[in-house]
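J.: let's see this in three dimensions:
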Amino acid sequence: MKRGERQRISAAIADAERGNRAEIAVHIEARYPGDGPLARARALFESLGLDKTRDGTGVLLYIATVDRKAAVWAGPGLDGASAPGFWQAATDRVAAGYRTGDAAGGIVAALATIGELARVAAAGDDTAGNELPDRVSFGPGA
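T.: Next comes the predicted model:
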């Protein structure tokens, strides 16, 4: 992923976190190891420290580019607030971006969707501050 695309996604993370207490991260790698993208997202959620947010409002958008899979793992402060199919809709936006040749655009659209939920479910000032950096992390082969 090009530097400009990474910056665009980082800015979208900051935008999605504005006006709420969520901490949102994006992790991209070529292939998911193990039992599937959701299991990988859960493991990364913990290893990236999203499970340690003060209000349980961490969200990880996980993408395995070669495997063509995406998943979202959210902490208890947001997961139960989503309507059925909400997280699938977010990953569908990622897929649409990849299909049209605008991977970063699909990720940005997914982040906007996640931010909308966070502004409802975890509204208010982020009194804990920005607990995690607003950046994309990369795994093997990304």
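
J.: can you map out the helices along the protein?
T.: 3-17, 37-47, 76-79, 86-99, 103-121 (DSSP state H).

J.: are there helices or strands packed against the longest one, and which ones?
T.: In other words, helix 103-121. helix 3-17, strand 23-29, strand 58-64, helix 76-79, helix 86-99 (3 or more CB pairs under 8 Å, 6 or more residues apart in numbering; DSSP states H and E). The C-beta positions use only the backbone N, C-alpha and C, and glycine is treated the same way.

J.: got a list of contacts for that helix?
T.: Here helix 103-121 makes contact (CB atoms under 8 Å, 6 or more residues apart in numbering) with 1, 5, 8-9, 12-13, 15-22, 24, 26, 57, 59, 61, 63, 65, 70, 72, 77-78, 81-82, 86, 89-91, 93-98, 100.

J.: select only the buried ones of those residues in PyMOL?
T.: In PyMOL syntax, the buried subset of these is picked out as below (16 or more other CB atoms under 10 Å):
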select buried, resi 5+8+9+12+13+16+17+20+21+22+24+26+57+59+61+63+65+70+72+77+78+82+86+90+91+93+94+95+97+98
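
J.: rank the helices and strands packed on helix 103-121 by pLDDT, which is bottom?
T.: The stretch with the lowest mean pLDDT among these is helix 76-79, at a mean of 82.

J.: CA atoms of that one as PDB?
T.: What follows is helix 76-79, C-alpha atoms only, in PDB (Å, rounded to 0.1, in the frame of the first residue of the first chain):
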ATOM      1  CA  PRO A  76     -18.000  -5.200  24.500                       C
ATOM      2  CA  GLY A  77     -18.600  -1.400  24.500                       C
ATOM      3  CA  LEU A  78     -19.500  -1.500  20.800                       C
ATOM      4  CA  ASP A  79     -20.100  -5.100  19.700                       C
END
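
J.: how far off centre is that helix?
T.: Chain-centre distance of helix 76-79: 13 Å, with CA atoms, centre = their mean, to the nearest Å.

J.: in terms of secondary structure, what does that helix contact?
T.: So helix 76-79, by 3+ CB pairs under 8 Å, 6+ apart, packs with helix 103-121.
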